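Asker: pasting the sequence and the predicted coordinates here, then a few questions.
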Amino acid sequence: MATRRPRPGTARRIPDPLPPETPKEIVLRWLREGEIRLLGLIPWGSNATFLVALSDGERTGLAVYKPQRGEEPLWDFPHGTLCYREVAAYVVSEALGWGLVPPTVLREQGPYGRGALQLYIDADPEENYFTFREDPALQPVLMRLAAFDLITNNADRKAGHCLRDRHGRIWAIDHGICFHVEPKLRTVIWDYRGQPIPEDILEEIRAFHRRLREDEGLRAELAALLHPAEIAALERRTAALLERPIFPHPGPWRSVPWPMV
């Protein structure tokens, strides 16, 4: 999800982001239960995206709201499903243990109805994947991000969907067009093509694959967000990555999103 603030002129109405040390369980409850106040439309992107202030009486902070009714129809994804896919990406990121996607929930009663609500990430808007891709300290997390996009079949990994927050942590946003049953991978992260996936990352993927097959709670979470065929495809992609643990080369289809940032 885009995380930059609306146009200048509304700054007095915008609270500070939630402190980064806030425990995840508290953040999720705050996202599920907090009162939403619209601050402004984030003006880029093809779907309606709003910056909102969220308050639960104890804490006030910022979140990004993507209502289902603001989704533009796509020829290859079922209409009205993008907000569910945003939440499913968070569920998968957490099940992998990678913490790549900001906390994200589905809200039934938002200002414009049902939609995905995601923690706002206070990131430098001048930074993106292309500006930090060569940082040696970030290679483990960027490799995991590349593997995450393979597993989720991300059709739109732009450089600007990779954020570095004010504390140096990398986050991945905008996952509305993931989880298609057909190959759709479009990404700017081809740096690792042809390289073997490191064993520590593979072990985490193996654990996730076991959970996909055996963890009824995880399967129930995903079943509320994705079609059964999409969950089956997710399991197949994960198994295929374990069978051939190499970062792939670009496919025969258009493999890079546009715009790239």
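Answerer: All right, it came through fine.
Asker: so the residue lying closest to residue 170 once chain neighbours are set aside, which state does it fall into?
Answerer: Among residues not flanking residue 170 along the chain, residue 141 sits closest, at 4.9 Å (Cβ to Cβ, 6 or more residues apart in numbering). To be clear about C-beta, it is placed using only N, CA and C from the backbone, and glycine gets the same treatment. Using DSSP: H, G, I helix; E, B strand; the rest coil, the structure places residue 141 in helix.
Asker: and the residue nearest in space to the middle of the chain, how far from residue 197?
Answerer: Nearest to the geometric centre of the chain sits residue 173, at 3.9 Å (Cα atoms, centre = their mean). With distances taken as Cβ to Cβ, to the nearest Å, residue 173 is found 23 Å from residue 197.
Asker: what do you get for residue 29?
Answerer: For residue 29, the distance to residue 197 - Cβ to Cβ - is 35 Å.
Asker: before we move on, what about residue 24?
Answerer: 26 Å.
Asker: between these two, which one's more packed in?
Answerer: Ranked by neighbour count (other Cβ atoms under 10 Å), residue 24 and residue 197 place residue 197 first, with 20 against 11.
Asker: what's the separation between the more buried one and residue 146?
Answerer: 9 Å.
Asker: one step back: report the separation between the residue nearest to the centre of the chain and residue 120.
Answerer: 10 Å.
Asker: all helices of the protein, in order?
Answerer: With helices called from DSSP state H, the chain shows them at 24-33, 82-96, 129-132, 139-152, 199-214, 216-223, 228-243.
Asker: deepest-packed of those, please.
Answerer: helix 82-96 (a mean of 23; mean count of other Cβ atoms under 10 Å).
Asker: tell me what it is packed against?
Answerer: strand 60-67, strand 104-107, strand 115-119, helix 139-152, helix 199-214, helix 216-223 (3 or more Cβ pairs under 8 Å, 6 or more residues apart in numbering; DSSP states H and E).
Asker: quick one: residues contacting the closest residue to residue 107 other than its chain neighbours.
Answerer: Closest residue to residue 107 apart from its sequence neighbours, by Cβ to Cβ, 6+ apart: residue 117 at 4.8 Å. Listed by Cβ atoms under 8 Å, 6 or more residues apart in numbering, the contact set of residue 117 reads 31, 36, 52, 54, 63-66, 104-107, 110.
Asker: ranking those by neighbours, who comes first?
Answerer: residue 63 (29 neighbours).
Asker: that one is in contact with residue 31, isn't it?
Answerer: Yes - between residue 63 and residue 31 there is a contact under Cβ atoms under 8 Å: 6.3 Å.
Asker: joint contacts of the two?
Answerer: 54, 117, 118, 119.
Asker: export the residues you listed to JSON lines and tack on distance to residue 130 and pLDDT?
Answerer: JSON lines is the format used below for these (distance: Cβ to Cβ, whole Å; pLDDT from 0 to 100):
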{"residue": "54", "distance to residue 130": "31", "pLDDT": "97"}
{"residue": "117", "distance to residue 130": "28", "pLDDT": "98"}
{"residue": "118", "distance to residue 130": "23", "pLDDT": "98"}
{"residue": "119", "distance to residue 130": "24", "pLDDT": "98"}
